[in-house]
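>>> compute the structure for the input listed below.
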Amino acid sequence: MAGHREPEYRVHHAPAPAHRRRRRSGASLPRTAGAGHVRLLALHHPQRAHVALAEGRTDRRVRALVPRRAGAPARVGAVPPPARPRAAVDRGRPGRAHLHPGHLLLGGARTDLQPQHDRAGRRARPLFVPRRSQRARARAEGRVMANICVIREWYFPDDTRVSREVEALVRAGHEVDLICATRPGQPRFEQSGGLRIFRIPITRRRSGLARYLAENVLFQLAATALAGLLHLRRRYALVQVHSLPDWLAFAAIVPRLLGARVLLDLHECMPEYLTTRYKRPERAWSVRLMSFLEQASIRFASAVITCTDQMRERFVERGAPAEKISVVLNSFDEDRFDPARYASPRSRGEDFTLVCHGTVDENFGIDIVIRAVASLRDEIPGLRLRVYGEGTQRLALEELTAALGLGDRVWFSRGFLPVEELLPAIAAADAGVVAVRRDAFRDLTHCNKMYDLIALRKPVIISRTRAVEAYFADGCFRMFESENVADLAQAIRELYADPDLCTRLVARASEVSEPYRWPYQKKGYLAVVARLVAGPGAPDRRYALAAERAADR
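So this is what the prediction gives:
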């Protein structure tokens, strides 16, 4: 029965004569301790209790820990004050000069219920340091530790931004739980090191607006319930939610109410996304509703990060506080996108291969690239286009290719390729094309494909948009006017005819994109996380230093 005994809590008054000969050791209480403090000793088997020494109060909150008894309830009890004044307790003890008011006794009379191996040591021991203080000390030393939940309504690790940030969190020492959708064939649960993946059995499909909203609502309900249940066990310090949709931030409602901070990562501008993808007018009720939900989500979150300064400006124009929003660019992962790992294209002679990769959607303008290739078939006999990806426009593009007689010039992969196969294919091409259709949405965002091509040191032919022009000066890319087949064909012609131009474009793009690289963006991201984990009132220097040390790992 000794293994199941309850903890023993004793208030020390003057020791009985039989025990005065026992040697006791002391540990100093904080300087703020006064004569009114109670001397409290909490010993039990085999762990020490969490004792809250609240100044000036006799109510103490003690968590009773019985060996291997999970979920033991907290106990609140009143600890009686000493029966006599403190001076009277310590008066007249020969050989007790090392004891004085303001010391906590760690030794004392033994009982039959206290096993020998659980008795206090013979030397002074520091008081218990709460877990929160331990984490604060770890932050000061650059070891930021916290339980973090990440929610994304898409597949993992398909989303480059999510996988990159999750990896940064794990490397920084955090424990990360990821809630995401399930691709067919993926396990519902995975664990690797400090990352646990919980996949909700909802498969996403790119289709009409009604199905899109239904999938969002179902995932929202499931993610809210799962995040709440996990928080009760893990006690997250931070919940990071990735859009779309913006209102997915409210899946963190239970952790938020229980003290967790919420970081909202806005990948897109939802109202502009709705108007361009689903052809809704700007004054439509659905677009106005998205604007309202966007601002409500920003107000609900503790902090917000987004992808470009143009997106941040748009959020602020609609009423969001500017100081709440930081920018973390969609840069590339240099550990994975390393051109030195892949073979460069052989001496091309008459051949010239273009590559398009990613989602095969109308907004990405692959049909424009196919028409430009058709216009150059006689001028550049070795011109080829390889399309890697999947999407709603795939069948229509295959039909267009057949109608233009380009079956031997244009090739489509069978769905998305694993990254291990995709990167060598991109590296073998001569140039990459990003032919997005310019609209209100694309004027605010960057396309990840652009950063992939920069990382693999490929010359980029890209549509001219406001966000691209703001970040990349002339000479980085060969830009063309969106949806202009003739202008795109001219850009392809120039790169084919002038290999030195390709070299200059690659060098200039690499130079300008240096501060956009992930090692620099990661520092800013981890600084935001460290500030939120530290809580309000933490010194900026401390969490900034912690983030820098974590980013160097």
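>>> show me where the stretch 451-553 of the chain has its strands.
Here the stretch 451-553 of the chain has its strands, by DSSP state E, counting those that start in this stretch, at 460-463, 478-480.
>>> show me what the shortest one is packed against.
With contacts defined as 3 or more C-beta pairs under 8 Å, 6 or more residues apart in numbering; DSSP states H and E, the packing partners of strand 478-480 are strand 460-463, helix 485-497. From N, CA and C alone the C-beta is placed, and that goes for glycine too.
>>> most packed of those?
When the helices and strands packed on strand 478-480 are scored by mean count of other C-beta atoms under 10 Å, the highest mean neighbour count falls to strand 460-463 (a mean of 24).
>>> export the helices and strands packed on strand 478-480 as a markdown table, with columns for distance to Ile179.
Listed next are the helices and strands packed on strand 478-480 as a markdown table, based on distance: least, C-beta to C-beta, whole Å:
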| stretch | distance to Ile179 |
| --- | --- |
| strand 460-463 | 34 |
| helix 485-497 | 41 |
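>>> dump the ones you listed to JSON lines, plus distance to Ala237 and mean pLDDT.
Converted to JSON lines, the helices and strands packed on strand 478-480 look like this (distance: least, C-beta to C-beta, whole Å; pLDDT from 0 to 100):
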{"stretch": "strand 460-463", "distance to Ala237": "40", "mean pLDDT": "96"}
{"stretch": "helix 485-497", "distance to Ala237": "49", "mean pLDDT": "96"}
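>>> Cys476: how many residues sit nearby?
Neighbours of Cys476 under the rule other C-beta atoms under 10 Å: 25.
>>> give me every residue that touches it.
Cys476 is in contact with 460, 505, 508-509, 512-513, counting by C-beta atoms under 8 Å, 6 or more residues apart in numbering.
>>> gap between the nearest residue to it once chain neighbours are set aside and Tyr471?
Closest residue to Cys476 apart from its sequence neighbours, by C-beta to C-beta, 6 or more residues apart in numbering: Ala509 at 4.2 Å. Noted for Ala509: a distance of 11 Å to Tyr471, by C-beta to C-beta, to the nearest Å.
>>> before we move on, what about Val328?
Going from Val328 to Tyr471 by C-beta to C-beta gives 13 Å.
>>> those two - which one has more neighbours?
For Val328 versus Tyr471, neighbours defined as other C-beta under 10 Å are more numerous around Val328 (21 against 17).
>>> my read: the more buried one touches Gln521, true?
Yes: judged on C-beta atoms under 8 Å, Val328 makes contact with Gln521 at a distance of 5.3 Å.
>>> make sure Thr203 is actually in contact with Gln186.
No: here Thr203 does not reach Gln186: they are 9.8 Å apart, not a contact under C-beta under 8 Å.
>>> between the two, which is the more surrounded one?
Just comparing Thr203 and Gln186: by other C-beta under 10 Å the higher neighbour count belongs to Gln186, 15 against 12.
>>> which ones are touching the residue nearest to that one when sequence neighbours are not counted?
Of all residues beyond its chain neighbours, the one nearest Gln186 is Arg199 (5.9 Å), with distances taken as C-beta to C-beta, 6+ apart. Arg199 sits next to 156, 179-182, 186-190 when contact means C-beta under 8 Å, 6+ apart.
>>> distance of Glu483 from Phe292?
32 Å.
>>> neighbours of Glu282, how many?
Using other C-beta under 10 Å, Glu282 has 12 other residues around it.
>>> can I assume it sits in a helix?
No: under DSSP: H, G, I helix; E, B strand; the rest coil, Glu282 falls outside any helix and is assigned coil.
>>> give me the neighbour count for the residue nearest to it when sequence neighbours are not counted.
Leaving aside its chain neighbours, Glu282 sits nearest to Thr275 (5.8 Å; criterion: C-beta to C-beta, 6+ apart). Burial of Thr275 is recorded as 21 neighbouring residues (other C-beta under 10 Å).
>>> also Met311?
21.
>>> element containing Leu406, please.
Using DSSP states H and E, Leu406 is not contained in any helix or strand.
>>> from Ala489, how far off is it?
With distances taken as C-beta to C-beta, Leu406 is found 14 Å from Ala489.
>>> same question, Ala172
Ala172 is 47 Å from Ala489, by C-beta to C-beta.
>>> what pLDDT does Thr58 get?
For Thr58, the pLDDT comes out at 41.
>>> using neighbour counts, pick out the buried residues of stretch 229-242.
Within stretch 229-242, the residues scored as buried using 16 or more other C-beta atoms under 10 Å are 230-231, 234, 236-242.
>>> I should have written stretch 386-401 there, sorry.
386-391, 393-394, 397-398, 400-401.
>>> quick revisit: wait, is the residue nearest to Gln186 part of a strand?
Yes: counting by three-state DSSP, Arg199 is found in a strand.
>>> look up how far Cys307 lies from it.
25 Å.
>>> and if you look at Glu175?
Distance from Glu175 to Cys307, by C-beta to C-beta: 26 Å.
>>> the more surrounded of these two?
Cys307 (22 against 18).
>>> grab the nearest non-local neighbour of the more buried one.
Asn330 (5.3 Å).
>>> report pLDDT for Gln47.
Taking Gln47 on its own, its pLDDT is 40.
>>> in the stretch 251-400 of the chain, which spans are strands?
261-266, 303-306, 325-327, 351-359, 382-390.
>>> buried set for the fourth one?
When neighbours are counted by 16+ other C-beta under 10 Å, the buried residues of strand 351-359 are found to be 352-359.
>>> who's in contact with that strand?
206, 345, 364, 366, 369, 373, 380, 382-391, 422, 425-426, 428-435, 447-449, 452, 458, 461, 492, 495-496.
>>> how's this protein carved up into domains?
1-128, 147-331+521-551, 339-516 (automatic domain parsing).
>>> average pLDDT across the longest one?
Yep, that's domain 147-331+521-551 we're talking about. 89.
>>> okay, now Leu226: neighbour count?
Leu226: 17 surrounding residues under other C-beta under 10 Å.
>>> what of Val316?
Val316 - counted by other C-beta under 10 Å - has 15 other residues nearby.
>>> for Tyr516, see how far away the nearest residue to it once chain neighbours are set aside is.
Leaving aside its chain neighbours, Val316 sits nearest to Ala322 (4.8 Å; criterion: C-beta to C-beta, 6+ apart). Ala322 is 21 Å from Tyr516, where distance means C-beta to C-beta.
>>> okay, these two: which has more neighbours?
Tyr516 (17 against 9).
>>> hmm, that one is touching Tyr471, no?
Yes: the pair Tyr516 / Tyr471 is scored as a contact, 7.2 Å apart, by C-beta under 8 Å.
>>> so what sits against both of these two?
Leu329.
>>> what about the helices in the stretch 251-400 of the chain?
Counting by DSSP state H, counting those that start in this stretch, the stretch 251-400 of the chain has helices at residues 253-257, 270-277, 285-300, 309-317, 366-375, 394-403.
>>> could you dump those to CSV with distance to Ala168?
Formatted as CSV, these follow (distance: least, C-beta to C-beta, whole Å):
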stretch, distance to Ala168
helix 253-257, 21
helix 270-277, 25
helix 285-300, 23
helix 309-317, 21
helix 366-375, 32
helix 394-403, 33
